[in-house]
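> Have a look at this prediction, sequence included:
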Amino acid sequence: MEERDRENLKLFGHGALKMFVSLALAAAVGGFIYQQVVCSSSPAEVANENSPLELVQLALLLLSSLLAGIVAFRRREVREGYMLVSALLACMAIRECDSLFDRALFHGAWLPFALAVAIIAVAVALAHRRQALAGIAEIVRSRYYGLLCVGFSVIFVFSRILGYKKIWMTIYRDVCREEGAAWLHRVIKNISEEGTELFGYMLVFAWIVLTFKDALRKDSAGQG
């Protein structure tokens, strides 16, 4: 076998492995949602606050923010760029805890905390523009950047569109030909929106894990 054939075979193996991991990731998220809905004693509670689905979302956000923060801590030359990413993910995690803030303080109490984190991160980035731009440039150039883009697109756009009440009410009225059981649309749309959002969080988490691995490799090479 020629060298080029061996290289192509190796690339095929890597590509097949990546495809398998992607399919396994999607299957894991889908299977988790299926288990939560079908095996739950109260399917209507699946997408409510403090449900396992919401808690997994929060855990993924916190882990992603923590890993981005570790990358920032270990790599001074790009620190502020990764700090911005860590702060963004932290703000998203704070938003996921809105009901907790509402009960503990007042309605909408999550917003001042998220704004404080965002303002501090932006102020630090502006004070160290060179490192911030270097970090952002490194993230954009990374081979994993597309994964981050898809993850954010699912979280901020697709899941929100899928979560529009009008979509599900239109489907419900067309199927049932009546206005009754108004709670049904909220249950269905919440499960669809939160499930899709969870997949987006998984994509972002996969991106930060891969980026974290690369950062450690670069750090080790620099020390060597």
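Received, thanks.

> Now do the same contact list for G195.
29-30, 33, 47, 53 (C-beta atoms under 8 Å, 6 or more residues apart in numbering). Where you see a C-beta, it was placed from the backbone N, CA and C, and this is true even at glycine.

> and those, which of them are in strands?
Among these, DSSP state E puts none in strands.

> Let's verify R217: helix, strand, or coil?
helix (DSSP: H, G, I helix; E, B strand; the rest coil).

> T211 versus that one, what's the distance?
Using C-beta to C-beta, to the nearest Å, R217 is found at 11 Å from T211.

> Between these two, point out the one with more neighbours.
Taking neighbours as other C-beta atoms under 10 Å, R217 and T211 compare with T211 leading, 24 against 10.

> In contact with that one, which residues are there?
67-68, 71, 139, 142, 144.

> so can I have TSV of these showing neighbour count?
Below are those laid out as TSV (neighbours: other C-beta atoms under 10 Å):
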residue	neighbour count
L67	22
A68	28
V71	27
I139	20
S142	15
Y144	16
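
> Of these, which pair is most distant in space?
Spatially, the most separated pair among the contacts of T211 is L67 and S142, at 14.1 Å (C-beta to C-beta).

> so which of the contacts of G195 is the most crowded?
A47 (25 neighbours).

> Next one, pLDDT for it please.
As predicted, A47 sits at a pLDDT of 64.

> Check D5 too.
What the model reports as pLDDT for D5 is 76.

> Quick one: residues contacting it.
By C-beta under 8 Å, 6+ apart, D5 has no neighbours at all.

> Could you number the chain from 637 rather than 1 from now on?
New numbering, starting at 637: the last item is D641.

> Please report the number of neighbouring residues for L691.
For L691, the tally of surrounding residues (other C-beta under 10 Å) stands at 12.

> Please identify which helix or strand holds the residue nearest the centre of the chain.
Central residue of the chain (C-alpha atoms, centre = their mean): Y837, 2.1 Å from the mean position. Following DSSP states H and E, one finds Y837 within helix 819-859.
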